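S.K.: Here is a sequence with its predicted model. Questions after.
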Amino acid sequence: MTTASLGTQLFVLQMVIVLLAVGGTATVWAQHTRNQLDDQYRQRALAIAQSVAGLPQVRDAFRYPRPEVLLQPIAAGVQLATGADYVVIANRDQIRYAHPNTDLIGKRLSTDGSEVLETGQTWTGFQTGTLGRSVRGKAPIFDEAGQVIGLTSVGVLEQTVADQLGAALPPLIWTVLAVFVAGSLAAALIARRVRRQTFGLEPIEIAALLEQREGVLHGVKEGVLALDLAGRVTLANDAAKDLLDLSSDTVGRDLTEMPLSDRVRDVLGGDDPGEDRIVLHRGRVLVLNRTPVSVRDQHRGWVVTLRDRTELVQLARELDDASTTTDALRAQAHEFANRMHTVVGLLELGEHEAAVRYITQTTEAYSQYAQGIRERVADPTLAALLLAKAAEAAERGASLVVADDSHVDGDLEDPRDAVLVVGNLVANAIDALEGTGGVVEVLVRTDPAGLHVRVRDSGPGVTPELAEEVFREGFTTKIAHSGSRGLGLALTRQTCLRRGGWVRVHNANGAVFTALLPPAPARR
């Protein structure tokens, strides 16, 4: 069986509502009008009955042997003058003295009038008599002494009332038809508008699209966050809630009410525009892209996609460590090749003693430098990092010096964080020299508070307005010169803060970065 379209269903439903409303209104109006007519005719019949009962001629006629001779003309005249369907006069024994049908004069009333005769009170209502069902008014007739001697009954046939009601129906019918036509047009317009707003889709198609949307949004690994023009969240899939640690009641909340860092809030809110914005959020490296959403050429809000790049950054760090090692080995191989060329030249010149002396001096110098680092830094991982960075600095025209008061006693509990902090600070210092030569001084020292790190370079330093900005996510000191962005200093700061430490920068004939990396918490 084919289901009617959404537009047809809406039209039929609205027409049913219009019919019920119009029909109900017409019925109530007709019933109200009928009740008003019935009440008017009751009051009218009673008024005529009271007028006839109060006529002196009527009262005096009861004293004659044949009252009907006097009363019948009076009743007929009143009936003709008032438009009543009948005027009946009867005595106390309910014998008719006047009636539209003269054959019934002298006979008993067809309806009981004892209530009026006994109480002397008037009465109105519906009764069925010889002429048919009618609305009646009955009034007692009193003599000079105030005694009830008879009654008058005036009535209007129900058919007369119905005829008058029927005369009032044509305007109502035309009104109902006009309202029905207007309602039909309005229903058709509404159905058309709804169909246009739903792009002609039927309910089952809309439901299928919604299910597909929910399936896609909550099935993709990338986070999707939708914002309206006021900055309120209108949609957040499962991945977005997981990446940003949002609660289930996120939808409808403002960005300012959400537990986000200033950096994340700036990117989501558009204060930091651009593509592939890198942010750090609770140990995760996220890449955010904010795109405007337009519906029918009207800007309705924003959609922000979130990608988790934590594993990729970790791999990049490992690759960078490998690259650093490779660069160090390459630098050492290049330096070794230069020395070997020198030795070969000396030997070709026959300067054997000079060659031996040169080899001895260069070997002793490197051994002394490496031994000096090992004496100050007992942890082999950190010592190897400093040797590699020294070779890298030498190849880039700079020199790396380990301060004499450096002292790392024993192996570090977790050297990975120490390598990250020291490696990033040293790499940042070497980059600050920009291959122009200079010195990078490194101090590493351990005490009960943790690992203290100080890296000083002889470069241009960090401008005061960037002293805090350099540690923001995606921001490095290189931005002051090349406009590039990275994560090195931000990861350094995050690592120190996670362990309860800190990292700072100030200028003293160059940039001086100091950091404290407290001991790693004991694992249970």
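M.R.: Right, received. Where do you want to start? Numbers count the residues shown, from 1 in each chain.
S.K.: separation between the residue lying farthest from the centre of the chain and residue 262?
M.R.: Computed with CA atoms, centre = their mean, the residue of the chain farthest from its C-alpha average is residue 65, at 96.3 Å. Residue 65 is 119 Å from residue 262, where distance means CB to CB, to the nearest Å. In short, each C-beta sits where N, CA and C put it, glycine included.
S.K.: got it, and residue 44?
M.R.: Plainly put, residue 44 is 87 Å away from residue 262 if you go by CB to CB.
S.K.: Run through the residues that contact the residue nearest to residue 107 when sequence neighbours are not counted.
M.R.: Beyond its immediate neighbours in the sequence, the residue positioned closest to residue 107 (CB to CB, 6 or more residues apart in numbering) is residue 96, lying 5.9 Å away. Neighbouring residues of residue 96 by CB atoms under 8 Å, 6 or more residues apart in numbering: 68, 88, 89, 90, 104, 105, 106, 107, 108, 109.
S.K.: of the residues you listed, buried ones?
M.R.: Buried subset of the contacts of residue 96 (neighbour count, 16 or more other CB atoms under 10 Å): 68, 88, 89, 90, 104, 105, 109.
S.K.: Show me the two of the residues you listed that sit farthest apart.
M.R.: Across those, the longest distance by CB to CB is 14.0 Å; it joins 68 and 109.
S.K.: Let me know the closest of the contacts of residue 96 to residue 290.
M.R.: The closest of the contacts of residue 96, once distances to residue 290 are taken by CB to CB, is residue 88, at 94.4 Å.
S.K.: neighbours of the residue nearest to that closest one when sequence neighbours are not counted, just the number please.
M.R.: Once flanking residues are discounted, residue 88 sits nearest to residue 153: 4.4 Å by CB to CB, 6+ apart. Counted with other CB atoms under 10 Å, the neighbours of residue 153 add up to 29.
S.K.: so residue 153 is in which element?
M.R.: Element membership for residue 153, per DSSP states H and E: strand 148-157.
S.K.: same question for that strand, mean pLDDT?
M.R.: Averaged across strand 148-157, pLDDT comes to 86.
S.K.: returning to that earlier point: and the buried ones among the contacts of residue 96, which is closest to residue 398?
M.R.: Set against residue 398, the nearest of those by CB to CB is residue 88 (133.2 Å).
S.K.: Helix, strand, or coil at that closest one?
M.R.: Of the three states, residue 88 takes strand under DSSP: H, G, I helix; E, B strand; the rest coil.
S.K.: what's the spacing between it and residue 488?
M.R.: 117 Å.
S.K.: follow-up on the earlier one: what sits against the residue nearest to residue 88?
M.R.: When contacts are counted by CB under 8 Å, 6+ apart, residue 153 touches 49, 86, 87, 88, 89, 90, 109, 111, 113, 136, 137, 138.
S.K.: if we go to 6 Å?
M.R.: Taking CB atoms under 6 Å, 6 or more residues apart in numbering as the contact definition, residue 153 lies against 88, 136, 138.
S.K.: how about the strands of the stretch 1-150 of the chain, start to end?
M.R.: 86-91, 96-98, 123-129, 132-142, 148-157 (DSSP state E, counting those that start in this stretch).
S.K.: What's the per-residue pLDDT of residue 442 here?
M.R.: 91.
S.K.: ok but it is inside a strand, no?
M.R.: Yes: membership of residue 442 in a strand is supported by three-state DSSP.
S.K.: Could you count how many residues lie near it?
M.R.: As a burial measure, residue 442 scores 24 neighbours (other CB under 10 Å).
S.K.: can I assume residue 139 is in contact with residue 51?
M.R.: No: the criterion here is CB atoms under 6 Å, and residue 139 misses it with residue 51 at 8.4 Å.
S.K.: which ones are touching the nearest residue to residue 114 once chain neighbours are set aside?
M.R.: The shortest distance from residue 114 to any non-neighbouring residue, by CB to CB, 6+ apart, is to residue 94 (7.4 Å). Neighbouring residues of residue 94 by CB under 6 Å, 6+ apart: 108, 109, 113.
S.K.: In a markdown table: these, plus pLDDT and distance to residue 349.
M.R.: Putting the contacts of residue 94 into a markdown table (pLDDT from 0 to 100; distance: CB to CB, whole Å) gives the following:
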| residue | pLDDT | distance to residue 349 |
| --- | --- | --- |
| 108 | 87 | 167 |
| 109 | 85 | 163 |
| 113 | 83 | 161 |
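S.K.: if we take those, which one ends up nearest to residue 404?
M.R.: Nearest to residue 404 among the contacts of residue 94: residue 113, at 136.5 Å, using CB to CB.
S.K.: Hmm, residue 151 and that closest one touching each other?
M.R.: Yes: Residue 113 is within contact range of residue 151, at 5.1 Å (criterion: CB under 6 Å).
S.K.: so which helix or strand takes in residue 422?
M.R.: In this assignment (DSSP H and E), residue 422 forms part of helix 415-433.
S.K.: Tell me how many other residues surround residue 249.
M.R.: Residues near residue 249, counting by other CB under 10 Å, number 8.
S.K.: Checking it next. Helix, strand or coil?
M.R.: Per three-state DSSP, residue 249 ends up coil.
S.K.: Mind listing what's buried along the helix holding residue 422?
M.R.: By neighbour count on 16+ other CB under 10 Å, the buried set for helix 415-433 is 415, 417-433.
S.K.: just to revisit the earlier point, tell me the angle of the strand holding residue 153 relative to strand 132-142?
M.R.: Strand 148-157 and strand 132-142 are oriented at 150 degrees to each other (axes from the mean of the first three to the mean of the last three CA atoms, to 10 degrees).
S.K.: tell me which residues in strand 148-157 are buried?
M.R.: By neighbour count on 16+ other CB under 10 Å, the buried set for strand 148-157 is 148, 149, 150, 151, 152, 153, 154, 155, 156, 157.
S.K.: same deal with stretch 226-240?
M.R.: Using 16+ other CB under 10 Å as the test for burial, stretch 226-240 gives 226, 227, 231, 233, 234, 235, 236, 237, 239, 240.
S.K.: All the helices of the stretch 351-500 of the chain, residue numbers only.
M.R.: Counting by DSSP state H, counting those that start in this stretch, the stretch 351-500 of the chain has these helices, from start to end: 352-376, 380-395, 415-433, 488-498.
S.K.: returning to that earlier point: gap between the residue nearest to residue 107 and residue 58?
M.R.: Plainly put, residue 96 is 14 Å away from residue 58 if you go by CB to CB.
S.K.: check contacts around the residue nearest to residue 386 when sequence neighbours are not counted.
M.R.: Excluding the flanking residues, the one nearest residue 386 by CB to CB, 6+ apart is residue 373, at 5.4 Å. Neighbour list for residue 373: 383, 386, 402 [criterion: CB under 6 Å, 6+ apart].
S.K.: Between these, which sits nearest residue 19?
M.R.: Nearest to residue 19 out of these is residue 386 (CB to CB; 90.9 Å).
S.K.: distance of that closest one from residue 411?
M.R.: Residue 386 is 15 Å from residue 411, where distance means CB to CB.
S.K.: Relative to residue 194, how far out is residue 270?
M.R.: 34 Å.
S.K.: right, I mislabeled it, should have said residue 91
M.R.: Applying CB to CB, the value for residue 91 to residue 194 is 75 Å.
S.K.: now do residue 155
M.R.: Look at residue 155 and residue 194: by CB to CB, they are 57 Å apart.
S.K.: do the same with residue 521
M.R.: For residue 521, the distance to residue 194 equals 61 Å [CB to CB].
S.K.: How about residue 348?
M.R.: Note on residue 348: its distance to residue 194, by CB to CB, is 96 Å.
S.K.: nearest to residue 178, of the contacts of residue 373?
M.R.: residue 386 (95.6 Å).
S.K.: ok, what's across the strand from the nearest residue to residue 383 once chain neighbours are set aside?
M.R.: Spatially, and ignoring its direct neighbours in sequence, residue 383 is nearest to residue 377 (4.3 Å; CB to CB, 6+ apart). Taking DSSP bridges as the rule, residue 377 bridges to residue 408.
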